[in-house]
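Undergrad: Have a look at this prediction, sequence included:
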Amino acid sequence: MPQSAEAIKDHVSLFREPEYKEMLREKRINFECPHPEETVREISAWTKTEDYREKNFSRKSLVINPAKSCQPLGAVFCGAGFDGALSFVHGSQGCVAYYRSHLSRHFKEPTSAVSSSMTEDAAVFGGLNNMIDGLANAYALYEPKMIAVSTTCMAEVIGDDLHAFIANAKDKGSVPKEFDVPFAHTPAFQGSHINGYDNMLLGILTHFWQNMERNPGGSINIIPGFDGFCVGNIRELKRVLDLMEVEYTIVCDPSDVFDTPSDGTFRMYDGGTTIYDSKAALNAKATLSMQEYCTKKTLAFAKEKHQETASLHYPIGVEATDEFLMTVSELTGKSIPDALVRERGRLVDALADSMSIAHGKTFAVFGDPDFVYGMCRFLMEMGAEPRHALATNGTKPWAKKMKALLESSPYGQDCEVWPGCDLWHLRSLLNTAPVDFQIGSSYGKYLERDTGTPLIRLAFPIFDRHHHHRFPTWGYQGGLQVLVRILDKILDRLDDDTNEAGVTDISFDLTR
Amino acid sequence: MLKQWIAEAFNEPDCDTNRAKSTKDRKQGCSSRALTPGAAAGGCAFDGAKIALQPITDAAHLVHGPIACEGNSWNTRNVASSGSQLFRTSFTTDMSEQDIIHGGEKRLFRAIREVAEHYRPAAIFVYITCVPSMIGDDVDAVCKAAAERFDVPVIPVNAPGFVGSKNLGNKLAGQVLLDRVVGTREPSRRTPFDINIIGEYNVAGEMWMVLPLLDRLGIRVLASITGDARYHEVACAHRARVNMVVCSQAMVSFARSMREKYGIPYFEGSFYGISDTSAALHEIARLLVEQGAPADVIQRTEALIKAEEDAAWRQIMPYQERLSGKRVLLYTGGVKSWSVVSALQEIGMTVVGTSVRKSTDADKSRIKTLMGEDATLFGQIPAKELYRMLADGEADILISGGRTQFTALKTKTPWLDINQERHHAYAGYDGMVAFVRQIDATLHHPVWRQVRSPAPWENSGDRQ
C-alpha cells in the first residue's frame, strides 16, 4: 500500500508511487484501447508542425480553449462597480452561478449576483413573471440601492423586452416606482465580456442621465473598463489623480467590493460609484476611458451629451503612463506634480538597471484587446519583442491598430496579430514559431506544459496564483510591478537552466 | 420530446418518496425547492450533466451554444485522470447571432468533424445548451449523421440549463449513458469480482484512495462512472456483477435501470467516513457472493476492514481530543450532505447544520436518521443568513464549496473546501485521516489569531 494511515501522502506524490503507477497502467491497457506509444509520439510531434498549423488555422466552426467570456459576465463585473448595486441577470440561473464562481476564483472574494431563474415554461411563454417575482425577491432579500439588470442568451433568444418588463414589474409593485433599475441587453452570442461591460455601463448612465439637464463643471469621469487587476489599478488611479489635485469620478469602481477586509463584517456591497456621483457624472467636463474596447458605446454616449472624450489602451509602462497623465492634464488644466515626475524617474531608472535582461527576449501575449495592446507596448519599451499578439475577442479594427503600434518600433516588426483566434491556435503558433515567454491568463498554463513556454500571469482570469490583482499594473508604480514580474520569470528561468552541478552551472551566477 | 424526456427522469420507482408523490407533484421533480427568481442560485442542468460526464477522460466534450456556457467554466473542476487529458480541453461552437438566425446545425456538424479530425477521440459528447434547444436545432440528427460519417460515437446530451437544476442534469447524464453508451461494447475478459462504481467523479484523485483496497480484495472495478473513466469501460459496464451508487439519488435511476435491463443488483453507499467505507466494502463483498463469487471474499473483506479501521483510528485518535465538541456547519449538497455528517460524528464533532440544496428527499431522510429529527437542514442559505450564523459564532468551522469560502473568511470563521476545487482526497480510510488532519490544520491555523484580534492599539472587544 503506497498510502497508509501512518503517513498520509498528498496528491502530488501519492499517485507517483509504484503501486499506483501499476494500477493506472493496467487501466490504460484494459480500457483506453490505447495507440502504441510510438504512434502517440508521432502524432504529438506532428501537431507541432507547420502542416498541422495550417490545418488548425483552417478551422471554421470549432473553437478550442477560448480566451474570452460572455457579455453578462462583463455586465456583472460592471454592476459590482456601483454603490449598493445588485446585478440581476434575466435568464437561466446556471449562467449566474458561473459568473459568481469565475469572479470569486479570481478575486478570492464573495461575488453577489442573482438570476431570474427562467425555466422551460418561461422559455416558451416569456420571462415576464420571472422578472416580476425576481425583482421583488431580490429587493426584499438583499436590500440593494439599485438593481442592474442584464440578460443571458436565453432571454435574448426569446426577445424579452427589459424596458417593458421592468416597467411592468414596477407597476406590480415588485420594487418602488422611483427605485433605480438600469438595464442592458447583453446577448452572449455577440461580442464578449468587454462588450457586456460597455452595454451595462451605457445602460446605467442612460438610466441616470436620460432626463437630466447637463450643467457642465470642471470634474472629469474616468472609466477603468473590465480589468482583473481593478483592485490595484483603481486605487493607483485615485492616488495619482489625488496627487494631481484633479476633481474626478471613477465611473464603475469595484476595487473595494473585490477586496474587503477580514474584520468580522461581511460586505455584500462595498464602495463603488454612488448614485449621486453617477448622476453628477453627466456634468463632467470630459470622460476618459482607460480601455477603449470596453467602452466604445459608452464613450459615444458621453460625446452625445457634449462631454469631451478620450481613450487609452490599458496603459502599462513609461510612455503609456505619460500619455495618461498628459491626457488628464490636458482635460483638466492641472499640471503633473513633481512627486509623479520622480516616480517616473524611478521607473525609468529600474528599466535602465535591468535593460539587458528582457532585451531581445521574445513574447506571446494573449488576453483582452486593450490589455494586449498595452502589454505589447510596454514590452517594446523594455526592448523585448512581442511575436504573437492574440485576442479571442479582438476584431479586425483592433488588429489594424495593433499593427500600427507594432510598426512604430523596431521591436514590433516580427510580431503577428491574431484577432479572433483561440488558445489552440496559439499552441500551434508557439510550436511553429516559438517564443521565450508568454503573457496571459491562468489558462496559459496548459500551453506552458505543451510547448514549454513559461507563463507570466497578468490577465484575467488568474485562478492558480493568488493576490496579484491587489497590486497595480497601471501608472509608474504599476509599470514597476509588471517589470518585476517579467524579470523574475526570466531570471528564475535562467537559474533553472544553469543549476545542474558540474553540468550546466558554469553560469550559475550569484549576481544577475 | 424534451418534456417527455425530463418527465421520465422524474419518475423513479426505486425511490420511496417519488412513489408516494402524486403524478402532478412528480412532474415538479425531486428538488424540494422550486427555483426562486431573484435569489442567489446554483448551477443548471447543463452544468450537472457536464460534471457527470466530463470525467470520461478520453472523450471530447463539445458544448453547442454561445460562449457563455463554456467560456465561463472550462476546466474548473479538479477531477484527476490517469491517462488522457483531452477532457480538460475546451470545445465549443461559440454560436453567434447568425447561427441563431439560420440555425446552428451546420456549424455543429462541422465542429464535430473538426474535433474528429484533429483529435480522434474515443467518443464525442455534444452538450445542448439553452440557445440551440430553443431555436430547435435537431442535434440528435446531426450527431447521428456525424457518427456515421466520421466513424466515432457522437452522443448528444440533451440537458439545456433551463430544464432545471444541477441534480437533474446529473440524472439526465445517467440516462444518456444508459441509452447510448452502456452495453455497446464487450469487455475482453470477465471475472466474478467485477463491479461498477457509479457517481464517483475522482475529484482530487479521490477514487484512487479506494481502488487499492478493492485491489487487495481482488475486486475489479470494471467501470467507474465516471471518475477517471475511459469511454470503453463505460460501454462495457453492463457486464459487472454489482453496482455501487456513490452520488446518491442522482444516479439511482441509472443503477435501477441497469438492474432491470441487465440484472445487476445495486446498493447505495459512501466512501466518506470510516464506518461508511467499511459498510460499503462489506456490501460489495456480500452482493458479489450472492451473485456467485467465491464466499471467502467476505472473510477477506472483514479482515481488511479490521486492519484498516484499526490503523485509521490509531491515526485519528490524537486529533479526536483536539476536535471533539467542535461545531461544524456543513454547506454542500447531494451525497456529501449526509455521508460527511456521519464521518464528522465519528470523530466527536458536532454538526450544527447541513444543507440539502442539491440533495434529494432520500438524502434528507438519511440526514434525519443520522442527526435526529431536530437536525437543522438548510436549503439555499442566503449569503446574509450564512453570514449571520457564522458571525454569531454558531459554528467553529464552515466546510463548504468555493462560492461561500470568502463569506466565511469575512466572519473570521475557519473554512475548509469540500467541493471540486479542493486538492486533498478524503475518501476511504486514509482519506478520512487526511480529512481530519485538514480540519485540524484549518481550525488551529495561526492565522486565526491575527484574523480575530483587533489591531493592538484598539482595545474594543471583538469576537475571539
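TA: Great, that's in hand.
Undergrad: Which strands and helices lie in contact with the top helix by length along chain B?
TA: Counting by DSSP state H, the longest helix found in chain B is helix B:296-323. In terms of contacts (3 or more CB pairs under 8 Å, 6 or more residues apart in numbering or on different chains; DSSP states H and E), helix B:296-323 is packed against helix B:211-217, helix B:274-290, helix B:428-443. Where C-beta positions appear, they are placed from N, C-alpha and C, glycine not excepted.
Undergrad: Now do the longest one against helix B:296-323, angle only.
TA: Meaning helix B:274-290. For helix B:274-290 against helix B:296-323, the angle between stretch directions is 170 degrees (axes from the mean of the first three to the mean of the last three CA atoms, to 10 degrees).
Undergrad: Next, the contact list for A:Pro34, please.
TA: A:28, A:40, B:83 (CB atoms under 8 Å, 6 or more residues apart in numbering or on different chains).
Undergrad: what's the spacing between A:Glu37 and B:Ser275?
TA: Using CB to CB, to the nearest Å, one obtains 44 Å as the distance from A:Glu37 to B:Ser275.
Undergrad: Can you pick out the residue with more neighbours from those two?
TA: Taking other CB atoms under 10 Å in any protein chain shown, A:Glu37 and B:Ser275 do not tie; B:Ser275 has more neighbours (15 against 8).
Undergrad: Quick one: residues contacting B:Arg437.
TA: So B:Arg437 contacts A:8, B:319 (CB under 8 Å, 6+ apart).
Undergrad: And the pLDDT for it?
TA: At B:Arg437, the model reports a pLDDT of 87.
Undergrad: Now name the helix or strand holding the closest residue to A:Ile250 other than its chain neighbours.
TA: Excluding its sequence neighbours, the residue lying closest to A:Ile250 (CB to CB, 6 or more residues apart in numbering or on different chains) is A:Ile222, at 5.4 Å. Per DSSP states H and E, A:Ile222 falls inside strand A:220-223.
Undergrad: Give me the helices and strands touching that strand, please.
TA: Counting by 3+ CB pairs under 8 Å, 6+ apart, the packing neighbours recorded for strand A:220-223 are strand A:248-250, strand A:286-289, helix A:296-304, helix A:318-332.
Undergrad: Strand partners (parallel or antiparallel) of it?
TA: Applying DSSP bridges, strand A:220-223 is found paired with strand A:248-250 (parallel), strand A:286-289 (parallel).
Undergrad: closest to A:Arg59 out of the ones you listed?
TA: strand A:286-289 (33.3 Å; CB to CB).
Undergrad: Determine how far that closest one lies from the middle of the whole chain.
TA: 20 Å (CA atoms, centre = their mean, to the nearest Å).
Undergrad: Using PDB, write down the CA coordinates of that strand.
TA: Only the C-alpha atoms of strand A:286-289 are listed here, as PDB (Å, rounded to 0.1, in the frame of the first residue of the first chain):
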ATOM      1  CA  ALA A 286     -14.800  65.100 -20.000                       C
ATOM      2  CA  THR A 287     -14.900  61.300 -19.900                       C
ATOM      3  CA  LEU A 288     -11.700  59.300 -20.200                       C
ATOM      4  CA  SER A 289     -11.700  55.600 -20.800                       C
END
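Undergrad: Can you check what pLDDT the model gives the closest residue to A:Asp414 other than its chain neighbours?
TA: Using CB to CB, 6+ apart and skipping the chain neighbours, the partner closest in space to A:Asp414 is A:Arg387 (5.9 Å). A:Arg387 is assigned 98 on the pLDDT scale.
Undergrad: Can you name the residues of the stretch 101-250 of chain B that neighbour chain A?
TA: Within the stretch 101-250 of chain B, the positions near chain A by CB under 8 Å from any CB of the partner chain are B:106-111, B:113-115, B:117-118, B:122, B:130-131, B:134-135, B:161-164, B:166, B:188, B:204-205, B:208-209, B:211-212, B:215-216, B:228-230, B:232-233, B:236.
Undergrad: Just the buried subset of those, please.
TA: Among those, those classed as buried by neighbour count (16 or more other CB atoms under 10 Å in any protein chain shown) are B:107-111, B:113-115, B:118, B:122, B:130-131, B:134-135, B:161-164, B:166, B:204-205, B:208-209, B:211-212, B:215, B:228-230, B:232-233, B:236.
Undergrad: mind listing which of those are in strands?
TA: Among these, none falls in strands (DSSP state E).
Undergrad: Of those residues, which belong to helices?
TA: Judged by DSSP H, the subset of these located in helices is B:107-111, B:113-115, B:118, B:130-131, B:134-135, B:166, B:211-212, B:215, B:232-233.
Undergrad: what does the stretch 351-464 of chain B have sitting close to chain A?
TA: B:382-384, B:387, B:391, B:402-407, B:409-412, B:421, B:423-425, B:429-430, B:433-434, B:437, B:451-452, B:462-463.
Undergrad: Can I get the buried part of those residues as one ChimeraX selection?
TA: Remark: buried members of those, expressed as a ChimeraX selection using 16+ other CB under 10 Å:
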select /B:383,384,387,391,402,403,404,405,406,407,409,410,411,412,421,424,425,429,430,433,434,451
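Undergrad: Now do the strands for chain B: every range, in order, please.
TA: With DSSP E, the ranges of strands along chain B come out as B:60-64, B:91-92, B:124-128, B:154-157, B:194-200, B:220-226, B:242-245, B:266-268, B:327-331, B:350-355, B:377-378, B:397-400, B:415-417.
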